[in-house]
Every structure is written in structure tokens, then in C-alpha cells.
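# what follows is a protein structure lacking sequence information:
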């Protein structure tokens, strides 16, 4: 005989403890899951940070690290709800140019002048049309090459010709590694041309200045550190370099009657930028012309688009401040002035 058991509850299911447990246990699991979701919600919402690989000449390290990069990070987070981290390399402009030519993975390069940008064309890194567009674009900041004078020097210096290279320890950054060194060379050369000397005389003056200079540090920062350590009497460097060292407001600087205006450039390296990075790299370059960035640059001693009409930045009529364009093309200047300096004994 078959005895049906349908409808008969096992005895333990009638146990009050069992019934309470069967209700509370699922409730407990639900609460645990909800609490886990609640406390981890921020981690779930925060995306992995975006990255930008930036190569920049060393003279702009302070303003970049302390102000411009943090300002862009804040802007991007506000606009896109994404964090940004920068993978940075700071070195002399000549050094980072050669690194990029040898396929170092820079997505953005900030170089001391168009001279090094033109070398990227020769190295097949950027196109000639990209360089032409860069050449036509208004520069995001400027700073003239000036003389930093030691208290030991009592002789008034009003021009590069007033420097006595035989009795004064003169420091000029190395044009092989430093963009400021290249611009110092062009300041010397151009000042001679613009005061009536021939190209041959200007070449000779520039060559002799480097041959007789006391030291040629690899970067603008190194040059300033040596000068501050009392290792030189006169330093050729760009004006905004005063902001590279604490207390530089006390430095005695003289703007020569005729000198060059340095104009750093910012350029994307398309070969190193995957499609997903195009928007953010363009956004950073555009940011350099923004009101926020221009204000920061002026606070660090750079002349900018916004400060061009401010009294402290207006060129006095007695000074002749020229640019690269007034001396010739980047190709010719590299070939006829900079390259010979790199090979002289």
C-alpha cells in the first residue's frame, strides 16, 4: 500500500526558530549587499584617470608642475568628470627634441622655440604643414633674453658688446642641449646685425662669445643655479628664469639695448596620439591660450597675449626687441648659426 505524504510539513518547519531564521537570513543577506553597494559607490563611480605624456623644456618646469598642470586637471575633471594624470619629462629643449626624434613616446612637446620644432620636421616626426600652422599661430607666452649681473660687477652693462669675456666669468646655457642657449646665440648674433655689423662680423662675435664663456650648463635651470652659487659674473638667460629660484626678485637683471624675444611653442605629436587621446591632447594645448593659463603664466614672469598691453610688459622705445622671423627662417638659422656652434672646438 502506498501512503501519500503530500501536504504534510516536515516537523522542523513548524519550529519557531526555523521560521524566524528563514525570514531573518535572507533579510540579513540583502542588508549586507546593500551596505556593500552603498560604501563602494564612490569607487564604482570614479573612472580610471586619463593620462597625457608631456615632454617640456626644463625652464618651464616650475610653472607647469606648480600651476598649469593642476589647473588643467581641475578644468577637465569639472568638464568631463574624469581625472587626468601627466607623465612628464623635463629636460633641455635640445635633449627632448632628440628624444622625440628617436621615438620617445611624447604626445605633446613644449619646446623653447620654433628652431627645435623645425628639427622635428627634419626628423619626420611632424609634417611641414603642421609646422607652418604652428609658425602662423600666435605664441602663448614670451620672454626676452637678458643679462643677470653679479654684485661683483660694477661696470655698467647696456649691451652684449659691453661684456668683457676676458675678465668676466660669463655663463651661457649650452646650445646643444638648451633651447635658451640657442636663443642666447641668436640674441648675440641678431644684436650685432641690428647695430650695423655684417653677417660675417655677427658670426664671429657669436662664436667668440661662446668660445670665451666660462661655463655652458646643460639647462637654463642649471645655469641659474650656478649663477646663484656665485660661480659666474654674468649670465645670459631669459627674463622669466628669475622665477625658477626662490628670492629671484632680488636678482639684478639688465635688458640689453638689442636682444631677442624667446617664444616657446606647444605642439602635438600625432604619431604618438591614439584616436582616443585626440580630444584631451588638443584640449590641453588649447588650454594654454585660455584666460586661466595666461594669468598663471604672467604671474610666473612670462609675457603673454593678455599682458602685452600692461605697463610692466610694454617695450620701452629705447630697446630693440626682435624675434626669430626678423633674422631668417628656422632652417637657415639652424644651419648657419646654431649647427656651427655645436661643432666648434
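Right, received. Where do you want to start? Here the structure is a predicted model, which means the values were calculated and not measured.

# next structured bit after the helix or strand harbouring residue 86?
Residue 86 is located in strand 84-91, with elements delineated by DSSP states H and E. As assigned by DSSP H and E, the chain's next helix or strand after strand 84-91 is helix 93-101.

# residues contacting the residue sitting nearest the centre point of the chain?
Centroid-nearest residue in the chain: residue 56, 3.8 Å away (criterion: C-alpha atoms, centre = their mean). Neighbouring residues of residue 56 by C-beta atoms under 8 Å, 6 or more residues apart in numbering: 64, 88, 89, 90, 96, 109, 110. Heads up, the C-betas are built off the backbone N, CA and C, glycines and all.

# which element, helix or strand, includes the spatially closest residue to residue 67 that is not a sequence neighbour?
Excluding its sequence neighbours, the residue lying closest to residue 67 (C-beta to C-beta, 6 or more residues apart in numbering) is residue 296, at 4.6 Å. Following DSSP H and E, one finds residue 296 within helix 291-299.

# which residues sit against that helix?
63, 67-68, 71-72, 75, 140-141, 287, 304-307, 310.

# are any of those buried, and if so which?
Buried members of the contacts of helix 291-299, scored by 16 or more other C-beta atoms under 10 Å, are 63, 67, 68, 71, 72, 75, 140, 141, 287, 304, 305, 307.

# related to what we said a few turns ago, count of neighbours near the residue nearest to residue 67?
Using other C-beta atoms under 10 Å, residue 296 has 21 other residues around it.

# how about the strands in the stretch 201-345 of the chain?
In the stretch 201-345 of the chain, the strands defined using DSSP state E, counting those that start in this stretch lie at 234-238, 252-254, 258-262, 265-268, 320-322.

# just name the most buried of these.
Of all the strands of the stretch 201-345 of the chain, strand 234-238 carries the top mean neighbour count, a mean of 27, counting by mean count of other C-beta atoms under 10 Å.

# note down every partner strand of that strand and its orientation.
Using DSSP bridges, strand 234-238 pairs in its sheet with strand 143-149 (antiparallel), strand 170-171 (parallel).

# among these, which is nearest residue 241?
strand 143-149 (7.8 Å; C-beta to C-beta).

# give me the angle between that closest one and strand 258-262.
Between the axes of strand 143-149 and strand 258-262, defined by axes from the mean of the first three to the mean of the last three C-alpha atoms, to 10 degrees, the angle is 130 degrees.

# these two touch, right, residue 172 and residue 236?
Yes. Look at residue 172 against residue 236 with C-beta atoms under 8 Å: they come within range, at 4.7 Å.

# need the overlap of contacts for these two.
Taking C-beta under 8 Å, 6+ apart as the criterion, residue 172 and residue 236 both touch residue 184.

# how is the protein carved up into domains?
Per automatic domain parsing, the domain ranges recorded for the chain read 48-141+264-299, 143-262+315-343.

# quick one on the thing from earlier: neighbouring strands - and their directions - for the strand holding residue 86?
By DSSP bridges, strand 84-91 pairs with strand 50-57 (parallel).

# what residues sit buried inside the partner strand?
Across strand 50-57, burial judged by 16+ other C-beta under 10 Å covers 50, 52, 53, 54, 55, 56, 57.
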